[in-house]
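Visitor: sequence and predicted structure are below.
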There are 2 protein chains.
Amino acid sequence: MNDARDLRARNKQATQEAIGHAALRLAIEQGPHGLALVRVHDIATAAGVSPRTYNNYFSSKEEAICSFQAGQSKRVGEALHARPAGEPLDQAIIAAVTELYTDPEPDKAGLRMIMSTPELEGEALKAFTMAEAPLAEAIAARTGTDPGRDLFPAVTAAAVAGAIRVAGRHWLVPGNTESFAAILRRALSCVVPAAPPEAPQDR
Amino acid sequence: MNDARDLRARNKQATQEAIGHAALRLAIEQGPHGLALVRVHDIATAAGVSPRTYNNYFSSKEEAICSFQAGQSKRVGEALHARPAGEPLDQAIIAAVTELYTDPEPDKAGLRMIMSTPELEGEALKAFTMAEAPLAEAIAARTGTDPGRDLFPAVTAAAVAGAIRVAGRHWLVPGNTESFAAILRRALSCVVPAAPPEAPQDR
DNA sequence: CGCACAGAGTGCGTGCCACGCAACATCGGA
DNA sequence: TCCGATGTTGCGTGGCACGCACTCTGTGCG
């Protein structure tokens, strides 16, 4: 069967998600100030694998904890690709991103964990930044620009990823009752253009 | 004398820079694929301090290596503050950033090291992201917006930081002869607006 | 129908590193 | 000249990433 390879891959992905989920859960239990108390051994045990196996999937605690966010980011490119081709760029981006980040409203505790723990800052930024490459590709495809010559796709992708990150931070401020989707829309509309510059980037 | 405290601070900063410089130099010597060969002991020795002292200044090799970039980022806020108050926001940002990143043209080897070494990615992103907070503050001050309610300053700051990062990456592609200043200008003009939205972020 | 093999999980051992602690050096101030 | 604050250092410890070799499972092929 050619399901075989799929089954292997499914199992691999399942354990990967199990480890990531366990890591995030344990981190949340200890809170942002007790990250050092989360031992690799505990994560592995909670996920039902050996510490050595944990290390085959992630090369650090931080990477495991932030893996869910990384997974989200990797999907942003596809989400934009899935938008109808006639839609203006800004609307397409806003729709794609809000869809992706609202289908399940994100886990506030998890997001707070990875965004307000100093030791996790580097990995969290890596996770958010992972959206940039596929996003830039999707933007280039949609606008017909050449990523090798024009900076527009990459710069816009970086701006969008940054806006998502800032929106998340704003969503987490205590006493904020606004929905994440609304904040996202506000943040994105600060940076996304309807179209690339006519004469590419020559002002 | 109250120069005393200043003298102490100067010495501290001097050793910090010595360690950071040594770390970056040694990392460049080994190249992006030999980061593991750069031992903490070597960095400390090259900087003329003990390994324990090195650890009083930086909590990881990566942080030491990226410290110069972090220092640059911290100055972006002041650079924008220094621009004349009447200048339009987009021109002010472009002028401030290009000034800061062109006074000495950046060290291409160093930038390549921190931007094309996977193990350094997290710290490099942290370093670039450090520009955002002071930048957002400066933008808010200049536009008279309230950072607590409006997302515009923070989002724009993130977009600018992202544009700088993308410009750096583009500058490093082999065979590129364009000056960094020119690339920066192109990248920034993709994202910086002349003014915040009139009705703040309500489209 | 069985066999060989690829791929995943695991245990062990090693080297490196971050950091707490306490003693030491240095330098400014009374 | 002596004191106190601040930076520096050596030592010891706990934890972690990872190479290596072995085992087990189940897949595809003969």
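Guide: Noted; the coordinates are in hand.

Visitor: what's the closest non-adjacent residue to the spatially most central residue of chain A?
Guide: Nearest to the geometric centre of chain A sits residue A:73, at 2.7 Å (C-alpha atoms, centre = their mean). In this structure, residue A:73 finds its nearest non-sequential neighbour in residue A:131, 3.7 Å apart by C-beta to C-beta, 6 or more residues apart in numbering or on different chains. C-beta coordinates here come from the backbone N, C-alpha and C atoms, glycine included.

Visitor: secondary structure class for the residue nearest to the centre of chain A?
Guide: Assigned with DSSP: H, G, I helix; E, B strand; the rest coil, residue A:73 falls in the helix class.

Visitor: the bottom helix or strand of chain A by mean pLDDT?
Guide: Taking mean pLDDT, DSSP states H and E as the measure, the helices and strands of chain A show their lowest mean at helix A:3-30, namely a mean of 85.

Visitor: list the buried residues of it.
Guide: Buried residues in helix A:3-30, counted by 16 or more other C-beta atoms under 10 Å in any protein chain shown: A:15, A:16, A:19, A:20, A:21, A:22, A:23, A:24, A:25, A:26, A:27, A:28.

Visitor: with adjacent residues omitted, what lies nearest to the third one?
Guide: I take that to be residue A:19. Closest to residue A:19 by C-beta to C-beta, 6+ apart is residue A:47, at 4.3 Å.

Visitor: was I right about that neighbour contacting residue A:26?
Guide: No. Using C-beta atoms under 8 Å, residue A:47 makes no contact with residue A:26, being 9.7 Å away.

Visitor: separation between residue A:22 and residue A:69?
Guide: Using C-beta to C-beta, to the nearest Å, residue A:22 is found at 16 Å from residue A:69.

Visitor: thinking residue A:68 is in contact with residue A:23, fair?
Guide: No. Contact criterion C-beta under 8 Å: residue A:68 and residue A:23 do not qualify, at 9.3 Å.

Visitor: low-confidence ranges in chain A?
Guide: Scanning chain A for pLDDT under 70 picks out A:1-7, A:198-203.

Visitor: assign the nearest residue to residue A:83 once chain neighbours are set aside to helix, strand or coil.
Guide: In space, and not counting its chain neighbours, residue A:83 is closest to residue A:92: 4.1 Å by C-beta to C-beta, 6+ apart. Using three-state DSSP, the structure places residue A:92 in helix.

Visitor: so what's residue A:92 up against?
Guide: A:80, A:83, A:84, A:142 (C-beta atoms under 8 Å, 6 or more residues apart in numbering or on different chains).

Visitor: in helices, which of those residues fall?
Guide: Residues of the contacts of residue A:92 located in helices (DSSP state H): A:80, A:142.

Visitor: report the secondary structure state of residue A:64.
Guide: helix.

Visitor: tally of neighbours for it?
Guide: Residues lying near residue A:64 (other C-beta atoms under 10 Å in any protein chain shown) number 28.

Visitor: tell me how far it lies from chain B.
Guide: 14 Å (C-beta to the nearest C-beta, to the nearest Å).

Visitor: residues from chain A in reach of DNA strand C?
Guide: Taking C-beta under 7 Å from any atom of the strand, the part of chain A that reaches DNA strand C is made up of A:8, A:9, A:11, A:12, A:15, A:49, A:50, A:52, A:53, A:56, A:57.

Visitor: for residue A:56, see how far away the fourth one is.
Guide: Meaning residue A:12. Distance, residue A:12 to residue A:56, by C-beta to C-beta: 10 Å.

Visitor: doesn't residue A:64 make contact with residue A:123?
Guide: No. Using C-beta under 8 Å, residue A:123 is not in contact with residue A:64; the gap is 9.1 Å.

Visitor: please enumerate the helices of chain A.
Guide: A:3-30, A:40-47, A:51-57, A:61-65, A:67-74, A:76-81, A:89-100, A:108-115, A:121-129, A:132-143, A:152-171, A:180-188.

Visitor: just the angle between the first one and helix A:40-47, please?
Guide: Same thing as helix A:3-30. 120 degrees (axes from the mean of the first three to the mean of the last three C-alpha atoms, to 10 degrees).

Visitor: and helix A:3-30, what does it pack against?
Guide: The contact analysis (3 or more C-beta pairs under 8 Å, 6 or more residues apart in numbering or on different chains; DSSP states H and E) places helix A:3-30 against helix A:40-47, helix A:51-57, helix A:61-65, helix A:67-74, helix A:108-115.

Visitor: mind giving me a markdown table with the buried residues of helix A:3-30 and columns for distance to residue A:158?
Guide: What follows is these, written out as a markdown table (distance: C-beta to C-beta, whole Å):
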| residue | distance to residue A:158 |
| --- | --- |
| A:15 | 32 |
| A:16 | 27 |
| A:19 | 29 |
| A:20 | 25 |
| A:21 | 29 |
| A:22 | 32 |
| A:23 | 27 |
| A:24 | 26 |
| A:25 | 31 |
| A:26 | 32 |
| A:27 | 27 |
| A:28 | 29 |
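
Visitor: closest one to DNA strand C out of those, please.
Guide: Set against DNA strand C, the nearest of those by C-beta to the nearest atom of the strand is residue A:15 (4.3 Å).

Visitor: what about the closest one, distance to DNA strand D?
Guide: For residue A:15, the distance to DNA strand D equals 14 Å [C-beta to the nearest atom of the strand, to the nearest Å].

Visitor: contact partners for that residue?
Guide: Residues near residue A:15 by C-beta under 8 Å, 6+ apart: A:47, A:49, A:53, A:57.

Visitor: distance to residue A:194 added to those residues, as JSON lines?
Guide: JSON lines is the format used below for the contacts of residue A:15 (distance: C-beta to C-beta, whole Å):
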{"residue": "A:47", "distance to residue A:194": "45"}
{"residue": "A:49", "distance to residue A:194": "48"}
{"residue": "A:53", "distance to residue A:194": "49"}
{"residue": "A:57", "distance to residue A:194": "41"}
